[in-house]
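Chemist: Would you be able to build a 3D model of this:
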Amino acid sequence: MSEPVLRLENIHKSFGSRSVLRGIDLTVDAHEVVALIGASGSGKSTLLRTINLLEQVDDGQVWLRGVDISDPRTDVDSVRARIGVVFQHFNLFPHLSVLDNVTLASRRVLRQRRDAAEARGLELLERIGLAEHARSFPDRLSGGQQQRAAIARAIATGPELLLLDEITSALDPELVTEVLDLVRELKTDGTTIVMATHEMAFARDVADRVVFLDGGVVAEEGSPAQVFGAPREERTRAFLSRFTAG
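Modeler: From the prediction side, this is the model:
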């Protein structure tokens, strides 16, 4: 068996007296798409932030390709260059063009020449239907277009792992489909993805594995068919019933 892309062991994280993650174990293999589901406050976003070292774990270890990146001596910037992240709010730099947003990490972190980085950036923007907006500023784009640009930025450096944190929750309903279609394409390309999502139908259709977080622990995990079709835990059934009631 090859080394998993990501391995979390006994992850704990508290903010003051509030315990948010309480012993999370999770393994993600290459080319796997793992969907994190759960109510607001269940720990999904915090878990993603610990993976990208935006939050330091209180206990436990985060392994990326067999290397303990939660070690305090870790070069955080070099790790983040290997992990792409897209948040629910697009976080594009408003003073930079779309192309400059997409190519910034390639130029600044990977030290690519501007012409090479821009060639890759334009290729990505062409692929996602935004080539004509390459020189525009983000405020000229719709929310769905901005989120697709943010995804292009996250994958421009060729990351080993892509983290998606509720990337459709800030979008108007009619813009959700265009963003989720891009994620489907990334899955087809073999991108390794961990995504927190409230889009249950999308998680059922696209994820290889679904992880239900409740109160900072993994309450249940399995294939989409098992978790959505025959959940073992009562609290999983109670959570999912909110999406099927009525």
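
Chemist: from here on, contacts and neighbour counts on C-alpha atoms
Modeler: Will do.

Chemist: what comes up buried for the longest helix along the chain?
Modeler: Assignment by DSSP state H gives helix 173-188 as the longest helix of the chain. The neighbour-count check on helix 173-188 (16 or more other Cα atoms under 10 Å) flags 175-176, 179-180, 182-183, 186-187 as buried.

Chemist: R140: how many residues sit nearby?
Modeler: For R140, the neighbour count with other Cα atoms under 10 Å is 12.

Chemist: Check V79 too.
Modeler: V79 has 15 neighbours, counted by other Cα under 10 Å.

Chemist: The one 3 residues further on too?
Modeler: Burial of R82, expressed as a neighbour count using other Cα under 10 Å, amounts to 18.

Chemist: Over to the one 4 residues further on?
Modeler: Residue neighbour count, defined by other Cα under 10 Å, stands at 23 for V86.

Chemist: Give the next helix or strand downstream of the longest helix of the chain.
Modeler: Next helix or strand after helix 173-188 toward the C-terminus (DSSP states H and E): strand 193-196.

Chemist: List the buried residues for the next helix-or-strand element following that next one?
Modeler: Note on strand 193-196: by DSSP H and E, the next helix or strand toward the C-terminus is helix 200-206. Buried residues in helix 200-206, defined by neighbour count with 16+ other Cα under 10 Å: 200, 202-204, 206.

Chemist: Repeat that for stretch 157-174.
Modeler: Buried residues in stretch 157-174, counting neighbours by 16+ other Cα under 10 Å, are found at 157, 159-168, 170-171.

Chemist: now swap in stretch 138-157 and tell me
Modeler: By neighbour count on 16+ other Cα under 10 Å, the buried set for stretch 138-157 is 138, 143-157.

Chemist: what's the closest of these to I51?
Modeler: I51 lies nearest to A154 out of the buried residues of stretch 138-157, by Cα to Cα, at 15.1 Å.

Chemist: residues in contact with the closest one?
Modeler: By Cα atoms under 8 Å, 6 or more residues apart in numbering, the contact set of A154 is 84-86, 102, 162.

Chemist: doesn't it fall inside a strand?
Modeler: No. A154 is assigned helix when assessed by DSSP: H, G, I helix; E, B strand; the rest coil, not a strand.

Chemist: Against L161, how distant is H89?
Modeler: Distance of H89 to L161, given as Cα to Cα, to the nearest Å: 20 Å.

Chemist: Could you do K187 as well?
Modeler: From K187 across to L161, the span is 12 Å (Cα to Cα).

Chemist: shared neighbours of these two, which are they?
Modeler: Common neighbours of K187 and L161, counting by Cα under 8 Å, 6+ apart, are I193.

Chemist: Name the spans of this protein whose pLDDT lies under the cut-off.
Modeler: Along the chain, segments meeting pLDDT under 70 span 1, 244-246.

Chemist: mind listing what D68 touches?
Modeler: Contacts for D68 (Cα under 8 Å, 6+ apart) come out as 61-62.

Chemist: With distance to G41 and secondary structure added, can I get the buried residues of stretch 157-174 in TSV?
Modeler: Output for the buried residues of stretch 157-174, formatted as TSV (distance: Cα to Cα, whole Å; DSSP: H, G, I helix; E, B strand; the rest coil):
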residue	distance to G41	secondary structure
T157	31	coil
P159	28	coil
E160	27	coil
L161	24	strand
L162	22	strand
L163	18	strand
L164	17	strand
D165	13	strand
E166	13	coil
I167	16	coil
T168	17	coil
A170	17	coil
L171	20	coil
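
Chemist: could the residues you listed go into a markdown table alongside distance to P94?
Modeler: Putting the buried residues of stretch 157-174 into a markdown table (distance: Cα to Cα, whole Å) gives the following:
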| residue | distance to P94 |
| --- | --- |
| T157 | 21 |
| P159 | 24 |
| E160 | 27 |
| L161 | 26 |
| L162 | 23 |
| L163 | 22 |
| L164 | 21 |
| D165 | 21 |
| E166 | 21 |
| I167 | 19 |
| T168 | 20 |
| A170 | 17 |
| L171 | 18 |
